[in-house]
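Undergrad: Give me the fold of what follows.
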Amino acid sequence: IKGYDRDMGARPMGRVIQDQLKKPLANELLFGALVDGGTVKVELADDQLTFKCLGSREEVVN
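TA: Modelled structure (predicted):
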């Protein structure tokens, strides 16, 4: 199980969150499809996170 260590408990979870969520989202914001006010849909399939950038919040709601 990622983010859990028998000896350290859930302490490694911070690294998993950094590597699996924060870094990919930062890359999308800096270099990709995510723009200010954009929305990201995060899905899990086959133990892999996927990110779908959806336009601004107003575009998604309407």
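Undergrad: how about the strands of this protein, start to end?
TA: Assigned by DSSP state E, the strands in the chain fall at 38-45, 48-56.
Undergrad: who does the last one touch, helix- and strand-wise?
TA: This means strand 48-56. On a contact count with 3 or more Cβ pairs under 8 Å, 6 or more residues apart in numbering; DSSP states H and E, strand 48-56 meets helix 23-31, strand 38-45. C-beta: built from backbone N, CA, C; applies to glycine.
Undergrad: Quick one: these as a markdown table, columns for mean pLDDT and mean neighbour count too.
TA: Formatted as a markdown table, those follow (pLDDT from 0 to 100; neighbours: other Cβ atoms under 10 Å):
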| stretch | mean pLDDT | mean neighbour count |
| --- | --- | --- |
| helix 23-31 | 89 | 13 |
| strand 38-45 | 89 | 12 |
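Undergrad: For residue 3, which of the ones you listed is the nearest?
TA: Among these, the nearest to residue 3 by Cβ to Cβ is strand 38-45 (13.4 Å).
Undergrad: Run the chain-centre distance for that closest one.
TA: Centroid separation for strand 38-45 versus its chain: 7 Å, with Cα atoms, centre = their mean, to the nearest Å.
Undergrad: got it, and stretch 43-55?
TA: Relative to its chain's centre, stretch 43-55 lies at 8 Å (Cα atoms, centre = their mean).
Undergrad: re the thing from before, which stretch among the strands of the chain comes nearest residue 31?
TA: Among these, the nearest to residue 31 by Cβ to Cβ is strand 48-56 (11.8 Å).
Undergrad: With distance to residue 2 added, can I get the strands of the chain in TSV?
TA: Putting these into TSV (distance: least, Cβ to Cβ, whole Å) gives the following:
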stretch	distance to residue 2
strand 38-45	12
strand 48-56	11
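Undergrad: Which one of the ones you listed lies nearest to residue 23?
TA: Nearest to residue 23, of all the strands of the chain, is strand 48-56, at 11.1 Å by Cβ to Cβ.
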